[in-house]
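Colleague: attaching a predicted model along with its sequence, questions to come.
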Amino acid sequence: MQKKEAFDLQIIVQKFGGTSVATSELIKNVARRVVQTKEKGYDVVVVVSARGHTTDELLELAESVSPHPPERELDMLLATGEQVSIALLAMAIHELGYQVVSFTGYQAGIYTDKAHTKARILRVEPDRILRELKAGKIVVVAGFQGVTEDLEITTLGRGGSDTTAVALAAALKAQICEIYTDVDGVYTADPRVVEKPLKLDFVSYEEMLELASLGALVLQPRAVEFAKHYQVPLHVRSSFNQHEGTRVEEATKMEEYRLVSGIAHDLNVAKIGLFNVPDRPGIAKQIFKALADEHINVDMIIQSWMRDGRNDISFTVTRNDLHKALPVVERVANEIGASGVAYNDRVAKVSIVGAGMVTNPGVAAAMFEALADEGINIEMISTSEIKISCVIAEDQAIKAVRALHAKFFEQQS
């Protein structure tokens, strides 16, 4: 997607999630909020997710007729959820006396690759949206979906409406992209797990990308990548009140000194191990290229040194991808002469994220101490400059999050 010059418009992109449009009254509430923004003189583009649990219900419907439905047909089905939302919201805005038009992803000019059910946006051609904005209309766009060059409908995977919103904001050179959700912003931990997490006023793109990638559900990682690359300011806030939320922007010196910004946890994790793998050049490439060819994303990777020129290699994938990954890994294991393959789908990942880790030693030790004090065993460890992740038993994830939050936030307050 190419960077574009600013247009002669004051554009704000607003994204509303499924819980924000779950009922007719909530849709009317969103319509009023959109109109309030329009009345302030802004040109408004609204991105909407499927209502409530619609996507889950459509998935269940698909599985009731086919346990493993073709991904192309699944995209055809799932894309209908957002189309219901955009039509209803457009009707509600029209009822308030404002000109409005709704667009599918295709009509909005969102082009993707061919990876059905988890497509990536390649470019946005916003000409049609711009024409409607210049005509004074509010534009409502279906999130989560796009179209290939061959005009095949695709969906972007879970949280894809966030990506739609940020990609549109980048293409339209919007002043800000507001992500409305059912929480007041980005917290130091999941409010459903920790009793009194702290709301962050600001968080850097880098920290937000790590938190999103590590399981924080408030933003989708690809959306944060778009925002960082195209310098789109984000504002995560609640659709149920007028409070200020959390702004996601470039880091300032003050934020860089914050030791830990958040605790994230992810239950959608599975661990796969290959045993007695030959220790020679090209083996790792053979394993992970085979997975990449099947569009399977690998997260943490550990290689254990053994004797006699052989190693064990362990890595994690999402549980959703486990059924696709295992046949690939078993095939490659036979090809390379590994002695066996095992998996564990009852693990979780807990992580701490903070830009201040770069210049503060001892953070890892403090994390490991907090987990050890709770009797939690660490199975895998992964680090970057601003995050530390540990794979642990799934049934200890909640206890781990609470222990880490107490260690890095409650004991310091």
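Modeller: Received, thanks.

Colleague: can you list the domains in the protein?
Modeller: 11-182, 263-410 (automatic domain parsing).

Colleague: identify the residues contacting residue 215.
Modeller: Residue 215 makes contact with 264-268, 349, 351 under the criterion CB atoms under 8 Å, 6 or more residues apart in numbering. Yep, even glycine has a C-beta here, placed from its N, CA and C like the rest.

Colleague: likewise residue 201?
Modeller: 185, 244, 246-247.

Colleague: most centrally placed residue in the protein?
Modeller: Among the residues of the chain, the one closest to the centroid is residue 220, at 1.9 Å (CA atoms, centre = their mean).

Colleague: and it, how far is that from residue 212?
Modeller: 6 Å (CB to CB, to the nearest Å).

Colleague: the protein: helices as residue ranges?
Modeller: 24-39, 54-65, 71-95, 127-134, 160-171, 205-213, 221-230, 253-256, 283-293, 319-336, 363-373, 397-405 (DSSP state H).

Colleague: ranking those helices by burial, who's on top?
Modeller: Compared across these, helix 160-171 shows the largest average neighbour count, a mean of 29 (mean count of other CB atoms under 10 Å).

Colleague: returning to that earlier point: I'd like the contacts of residue 201 as TSV, with pLDDT and neighbour count appended.
Modeller: Below are the contacts of residue 201 laid out as TSV (pLDDT from 0 to 100; neighbours: other CB atoms under 10 Å):
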residue	pLDDT	neighbour count
185	91	22
244	91	13
246	94	22
247	94	17
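
Colleague: list just the nearest of those residues to residue 93.
Modeller: residue 244 (24.5 Å; CB to CB).

Colleague: what is the least confident helix or strand in the protein?
Modeller: helix 253-256 (a mean of 52; mean pLDDT, DSSP states H and E).

Colleague: pLDDT weak spots in the stretch 201-350 of the chain?
Modeller: Along the stretch 201-350 of the chain, the parts satisfying pLDDT under 70 run over 252-257.

Colleague: rerun that using 90 as the cut-off
Modeller: 209-222, 239-243, 249-259, 279-280, 304-310 (pLDDT under 90).

Colleague: thinking again about what came up before, you'd agree the residue nearest to the centre of the chain is up against residue 160?
Modeller: Yes - Residue 220 lies in contact with residue 160 (CB atoms under 8 Å); the separation is 6.7 Å.

Colleague: count the residues that sit near the nearest residue to residue 318 once chain neighbours are set aside.
Modeller: Excluding the flanking residues, the one nearest residue 318 by CB to CB, 6 or more residues apart in numbering is residue 268, at 5.0 Å. For residue 268, the count of nearby residues is 15 (other CB atoms under 10 Å).

Colleague: residue 268 against residue 321, yeah?
Modeller: No - contact between residue 268 and residue 321 fails when scored by CB under 8 Å: they sit 9.4 Å apart.

Colleague: number of residues surrounding the nearest residue to residue 14 once chain neighbours are set aside?
Modeller: Closest residue in space to residue 14, ignoring its immediate chain neighbours: residue 178 at 4.7 Å, by CB to CB, 6+ apart. With neighbours defined by other CB under 10 Å, the count for residue 178 comes to 23.

Colleague: beta partners of residue 178?
Modeller: Counting by DSSP bridges, residue 178 is bridged to residue 14, residue 235.

Colleague: which ones are touching it?
Modeller: Counting by CB under 8 Å, 6+ apart, residue 178 has contacts 12-15, 234-235, 237.

Colleague: okay, these in a markdown table with neighbour count and distance to residue 129 next?
Modeller: A markdown table is the format used below for the contacts of residue 178 (neighbours: other CB atoms under 10 Å; distance: CB to CB, whole Å):
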| residue | neighbour count | distance to residue 129 |
| --- | --- | --- |
| 12 | 22 | 13 |
| 13 | 28 | 10 |
| 14 | 27 | 14 |
| 15 | 29 | 15 |
| 234 | 30 | 19 |
| 235 | 18 | 20 |
| 237 | 21 | 23 |
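
Colleague: tell me which two in the residues you listed are the farthest apart.
Modeller: It's 13 and 237 that sit farthest apart of the contacts of residue 178, by CB to CB, at 13.4 Å.

Colleague: please name every helix or strand in contact with the longest strand anywhere in the chain.
Modeller: Ranked by residue count under DSSP state E, the longest strand found in the chain is strand 262-278. Packing partners of strand 262-278 (3 or more CB pairs under 8 Å, 6 or more residues apart in numbering; DSSP states H and E): helix 205-213, helix 283-293, strand 310-317, helix 319-336, strand 340-353, helix 397-405.

Colleague: now it: buried residues?
Modeller: Residues of strand 262-278 classed as buried by neighbour count (16 or more other CB atoms under 10 Å): 262-266, 269-277.

Colleague: export those residues to TSV and tack on distance to residue 100?
Modeller: Output for these, formatted as TSV (distance: CB to CB, whole Å):
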residue	distance to residue 100
262	37
263	41
264	37
265	40
266	38
269	42
270	44
271	48
272	48
273	54
274	55
275	59
276	63
277	58
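
Colleague: so what's residue 213 up against?
Modeller: residue 221.

Colleague: same check, this time on residue 267
Modeller: 215, 348, 394, 397.

Colleague: export the residues you listed to a markdown table and tack on distance to residue 306?
Modeller: Output for these, formatted as a markdown table (distance: CB to CB, whole Å):
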| residue | distance to residue 306 |
| --- | --- |
| 215 | 32 |
| 348 | 27 |
| 394 | 27 |
| 397 | 30 |
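
Colleague: tally of neighbours for residue 282?
Modeller: 10.

Colleague: go through the domains of the chain and name the closest to residue 230.
Modeller: domain 11-182 (3.7 Å).

Colleague: now do the closest one: distance to the chain's middle.
Modeller: 16 Å (CA atoms, centre = their mean, to the nearest Å).

Colleague: what's the mean pLDDT across it?
Modeller: Averaged across domain 11-182, pLDDT comes to 96.

Colleague: let me have the domains of the chain in TSV, adding distance to residue 229 as columns.
Modeller: Listed next are the domains of the chain as TSV, based on distance: least, CB to CB, whole Å:
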stretch	distance to residue 229
domain 11-182	8
domain 263-410	18
